[in-house]
Structure formats: C-alpha cells, structure tokens
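K.L.:
Okay, here's the prediction I keep looking at, along with the sequence it came from:
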Amino acid sequence: MDLLLWRHADAGEGSPDINRTLTPRGLKQSQRMARWLDEHAPAELRVLVSPATRTRQTIEAWRSDYEINPAVGLDATPQSLLEAAGWPEAGGAVLVVGHQPTLGQVASLLLRDEDSALSFKKGALWWFQLRERNGELQTVLKTVINADLI
C-alpha cells in the first residue's frame, strides 16, 4: 500500500480556523506540487481531504475528484487518519491532504513506532510505502517533497 500525506499549503491567519484560505504563496506551493503529482502520483489514487477550506484549495490545484473526510480534519488523530486511509490493509494508494500535528504524528508512528510528531513543512508531501521483504512487513519512506523546492 502507498500512503501519501500532503500538508495543506501556506494559509493566512483567521477565525474560525476551518475557514482559513491559502495565501498567494500557498497557491503557488499547491500548483508546484500539482505539477509534480502529475508526473509521479500513482495512477489509481483515492484522495481524502480535510473539510478545512485551505486543504480543499490545496488539492483543487491538482484535481477536483476527492472525498471530504472529517477523520483527516482539524480534530483528526493518527488513528482516525490511518483508519480512514485503510492503512495498511486496504492496498492500493491513498493521498491524504491534512494538517499538523496529525500528519507528523502519523509519520512518526510509521517510521519510528513512536507517539511523537515530526514536522511537516506547509505544502510538503511525504510518501510512504508498505512492502514485504523476507516475510516481514516494512514501512518505507519513498520520498519527501518540499513544495518550495520544486
């Protein structure tokens, strides 16, 4: 199974939090990542997006077919996100567009089996892959892409 975690791009301040929108910088970050995804994303990809405006704007730079799922939203937990994605049993590929600290907590669980958080840059994408090697399941960090460096 492939699990791609994309943190929403740069957003402005505001309240309520769910209605915050992307800044001009955030729009550029989303467009850069969209170009990268055009070339590299798995062909069959399920996309789960937080209900927050900034996450929807982030994914809409690339595609319009996605599922809004509160389990990956502002109040998500690592467990709710992994369950929504079906990790690791679902197979295939899932892209989640979400938020810190949940994305960093998921990355920490997958890489270190620890209940801590790694830091995701705004607009960054982390791609994990579950594989079997010598009869053992392994989580592999396939790539980390910083939108500002594309």
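P.N.:
On my side now, so go ahead.
K.L.:
State the pLDDT value of Ile145.
P.N.:
pLDDT for Ile145: 97.
K.L.:
The nearest residue to it once chain neighbours are set aside: neighbour count?
P.N.:
What sits nearest to Ile145 in space, not counting adjacent residues and going by Cβ to Cβ, 6 or more residues apart in numbering, is Leu125, at 4.7 Å. Yep, even glycine has a C-beta here, placed from its N, CA and C like the rest. Here the number of neighbours of Leu125 (other Cβ atoms under 10 Å) works out to 24.
K.L.:
Can you show me the strands along this structure?
P.N.:
In the chain, strands defined by DSSP state E lie at 2-7, 46-49, 67-68, 93-98, 125-133, 136-145, listed in chain order.
K.L.:
Make JSON lines out of the ones you listed and add distance to Gly104.
P.N.:
Listed next are these as JSON lines, based on distance: least, Cβ to Cβ, whole Å:
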{"stretch": "strand 2-7", "distance to Gly104": "9"}
{"stretch": "strand 46-49", "distance to Gly104": "17"}
{"stretch": "strand 67-68", "distance to Gly104": "22"}
{"stretch": "strand 93-98", "distance to Gly104": "10"}
{"stretch": "strand 125-133", "distance to Gly104": "9"}
{"stretch": "strand 136-145", "distance to Gly104": "12"}
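K.L.:
May I ask you to name the longest helix in the chain?
P.N.:
Determined from DSSP state H, the single longest helix within the chain is helix 24-40.
K.L.:
quick one, that helix and strand 136-145 angle?
P.N.:
Computed with axes from the mean of the first three to the mean of the last three Cα atoms, to 10 degrees, the direction of helix 24-40 lies at 130 degrees from that of strand 136-145.
K.L.:
how much space between the most far-flung residue of the chain relative to its centre and Leu111?
P.N.:
In the chain, the greatest distance from the average C-alpha position (Cα atoms, centre = their mean) is reached by Asn134, at 28.9 Å. Between Asn134 and Leu111 the distance, using Cβ to Cβ, to the nearest Å, works out to 19 Å.
K.L.:
Fine by me, thanks again.
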